[in-house]
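1. sequence and predicted structure below; questions after.
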Amino acid sequence: MNMKSGAAANQLPHYPPDVATRLRPGDPQPRRDGVKDDIKNLTLDELTAWLAARGEKPFRARQVFQWLYQHRAREFDEMTSVAKSLRNLLHEHFHVGFLQRKAALHSTDGSIKYMFGLADGREVETVLMPGPEHITLCVSTQVGCAMGCVFCMTARMGLVRNLSAGEIVQQVVEAYTDVEPGRFIRNIVFMGMGEPLHNYENVVKAIDTLCEDHGFGISARRITVSTSGLVPAIKRFIRDGVRANLAVSLNAVRDDLRTELMPVNRRWNVAALLDACRELPSESRIRLTFEYVLLKGVNDGPADARRLVKLLHGIKCKVNLIPYNPPPGLSFERPSPENVRRFQEILLGKGLLATVRISRGLDIQGACGQLITAQTPDAQH
Ligand code: SAH
Ligand code: SF4
């Protein structure tokens, strides 16, 4: 243990030590709503194929997509340009999934944290961050998270279940309610509750719909998936050529400390993680960022900064420093602005592109690592 703060060390939560080694592809999946699937679980290609099997032309799928994501229709009957017979067919097989807005907390900095209710009574949080020029949305990918990082509130929930692709894109649909007409959500960050690469298929499907011109039409360059470092999934992400940027939460430069902070490091250590990142071809359009949460007296010293420079040597990337957001009940501390600047300057001085993330929504517990919802009992049982 390398933490200088005894208080922090004493307060490490009790997660099963092997949490990260027990991940299986079949971990809890979202439940289906009766027999009818949420149409938002389908990518455009899947809907096109489904319709083609019933003798419908591809443009019908594009029409339905526009209704779902551009007009944000909640019923098939709203899709007036779609033939009644087709609307009936869709209605027979699917429902239009939507989220229940349970709360919307407005921060003094303009960001809004939503708590959305899911069909099974669970809840997730989503944060809308309007800027003067661009709007960013931070979406969740799981109810809770299995990874057990000791500095993160979401970890305290454990993993309840994955979100479906439909539940991921519905967060964007619902957030649009607060976007002024004529403005658009430009950036999507998969940095809310959950480990996106632990829910790989659904995240990739959701990205498809986000990028689709007839869906949300968001540029792939504006989508970032953040991972705590699931090495096989990172390799798969690169191999599959997923249309999104990758942010890797490194957070420590030595294995002993990283293992203390992020149990996933026991399974895939720093070297294995960086080796996976090196598999990204230099000509790739995927942009790679390393996130580094700065914890006072734990990982924010000049020696840590210098070691970070060495580790990342030869990897085309940038570093995003995140001064720790103290969630209630966790006893790490945020470094002083001077220490943050000192750390950043060491990186910059060695030619490493390093930015400091400005935390949005701190006053509404909406910043990185502060998202947590109650373990609502299952409404359907
Ligand atoms: N599970 C993914 C994405 C969600 S967390 C991941 O871990 O990458 C998004 C970012 O918030 C990660 O970089 C994580 O290290 C950081 N984070 C978690 N808790 C934090 C806290 N209390 N203060 C600041 N950043 C935090
Ligand atoms: Fe999960 Fe990310 Fe929080 Fe770690 S930091 S517990 S991976 S949400």
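-> Okay, I see it. Ligands and ions are numbered 1, 2, ... in the order given.
2. what is the distance between the one helix or strand residue 206 maps to and the centre of its chain?
-> Following DSSP states H and E, one finds residue 206 within helix 200-211. Distance, stretch centre to chain centre, for helix 200-211: 11 Å (C-alpha atoms, centre = their mean, to the nearest Å).
3. the helix or strand just after that helix near ligand 2 anywhere?
-> Per DSSP H and E, the first helix or strand lying C-terminal to helix 200-211 is strand 223-227. No. In terms of C-beta under 6 Å from any ligand atom, no part of strand 223-227 sits within range of ligand 2; the closest distance is 7.2 Å. (Each C-beta comes from the backbone N, C-alpha and C, glycine too.)
4. what residues does this structure have near ligand 2?
-> Residues of the chain lying close to ligand 2 (C-beta under 6 Å from any ligand atom) are 145, 147, 149, 152, 154, 155, 194, 195, 228.
5. the last one: how many residues sit nearby?
-> Right, the one you point to is residue 228. By other C-beta atoms under 10 Å, 27 other residues sit near residue 228.
6. buried ones in stretch 349-366, by neighbour count?
-> Across stretch 349-366, burial judged by 16 or more other C-beta atoms under 10 Å covers 352, 354, 356, 357, 359, 360, 361, 362, 364, 365, 366.
7. mind listing what the fifth one touches?
-> Contacts were defined as C-beta atoms under 8 Å, 6 or more residues apart in numbering; by that measure residue 359 touches 322, 323, 325, 367, 368.
8. quick check, nearest of the residues you listed to residue 233?
-> Within the contacts of residue 359, proximity to residue 233 (C-beta to C-beta) peaks at residue 368, which comes in at 20.5 Å.
9. which segments of this protein make up each domain?
-> Using automatic domain parsing, the domain ranges for the chain come out as 17-95, 100-375.
10. the first one: how far from the chain's middle?
-> Going back to what we said before, that points to domain 17-95. What separates the centre of domain 17-95 from the centre of its chain is 22 Å, taken as C-alpha atoms, centre = their mean.
11. do that domain and ligand 1 meet at all?
-> No. On the criterion C-beta under 6 Å from any ligand atom, domain 17-95 is out of touch with ligand 1, staying 11.9 Å away.
12. residue contacts, residue 139?
-> 126, 168, 171, 172, 188, 189, 190, 192.
13. now it: closest residue in space that isn't a chain neighbour?
-> Using C-beta to C-beta, 6 or more residues apart in numbering and skipping residues adjacent in sequence, the residue nearest residue 139 is residue 171, 4.7 Å away.
14. what's the local residue count around that neighbour?
-> Per other C-beta under 10 Å, the neighbour tally for residue 171 reads 26.
15. do residue 57 as well
-> Residue neighbour count, defined by other C-beta under 10 Å, stands at 11 for residue 57.
16. and it, its phi and psi?
-> With angles defined as degrees, to the nearest 10, residue 57 sits at phi -80, psi 150.
17. same question for residue 292.
-> Note on residue 292: backbone dihedrals following degrees, to the nearest 10 are phi -140, psi 100.
18. now it: how far from ligand 2?
-> Separation of residue 292 from ligand 2 (C-beta to the nearest ligand atom, to the nearest Å) stands at 12 Å.
19. for whatever helix or strand residue 45 lives in, C-alpha coordinates in CSV please.
-> Assigned by DSSP H and E, residue 45 belongs to helix 44-52. What follows is helix 44-52, C-alpha atoms only, in CSV (Å, rounded to 0.1, in the frame of the first residue of the first chain):
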residue,chain,number,x,y,z
LEU,A,44,-30.2,0.2,-38.8
ASP,A,45,-28.8,-2.8,-40.5
GLU,A,46,-30.7,-5.2,-38.2
LEU,A,47,-33.9,-3.3,-38.8
THR,A,48,-33.3,-3.2,-42.5
ALA,A,49,-32.7,-7.0,-42.5
TRP,A,50,-35.8,-7.6,-40.4
LEU,A,51,-38.0,-5.6,-42.7
ALA,A,52,-36.4,-7.1,-45.8
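20. give the next helix or strand downstream of it.
-> helix 58-69.
21. now what about the next helix or strand after that following helix, what contacts it?
-> Per DSSP H and E, the first helix or strand lying C-terminal to helix 58-69 is helix 84-93. For helix 84-93, contacts defined as C-beta under 8 Å, 6+ apart pick out 36, 37, 39, 54, 56, 60, 64, 76, 77, 79, 82.
22. could you redo the last one with a cut-off of 7 Å?
-> Defining contact as C-beta atoms under 7 Å, 6 or more residues apart in numbering, one finds that helix 84-93 is touched by 36, 39, 54, 56, 60, 76, 77, 79.
23. include neighbour count and pLDDT when you put those into TSV, please.
-> Converted to TSV, those look like this (neighbours: other C-beta atoms under 10 Å; pLDDT from 0 to 100):
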residue	neighbour count	pLDDT
36	15	85
39	21	97
54	10	94
56	19	94
60	19	96
76	22	97
77	13	96
79	20	97
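24. on that earlier part again, mind giving me the packing neighbours of the helix holding residue 45?
-> Judged by 3 or more C-beta pairs under 7 Å, 6 or more residues apart in numbering; DSSP states H and E, helix 44-52 is in contact with helix 58-69.
25. buried ones in the helix it packs on?
-> Buried residues in helix 58-69, counted by 16+ other C-beta under 10 Å: 60, 61, 62, 63, 64, 65, 66, 67, 68, 69.
26. and the furthest pair within these?
-> Greatest spacing in the buried residues of helix 58-69, by C-beta to C-beta: 60 and 69 (15.3 Å).
27. rewinding a little: ok, the contacts of residue 139 vs residue 303, which is closest?
-> Nearest to residue 303 out of those is residue 189 (C-beta to C-beta; 30.1 Å).
28. whichever strand or helix holds the closest one: partners in the sheet, and parallel or antiparallel?
-> Here residue 189, judged by DSSP H and E, is contained in strand 185-190. With DSSP bridges as the test, strand 185-190 is paired with strand 135-138 (parallel), strand 223-227 (parallel).
29. right, and these - which one's nearest ligand 1?
-> Of all these, strand 223-227 sits nearest to ligand 1, with 3.7 Å by C-beta to the nearest ligand atom.
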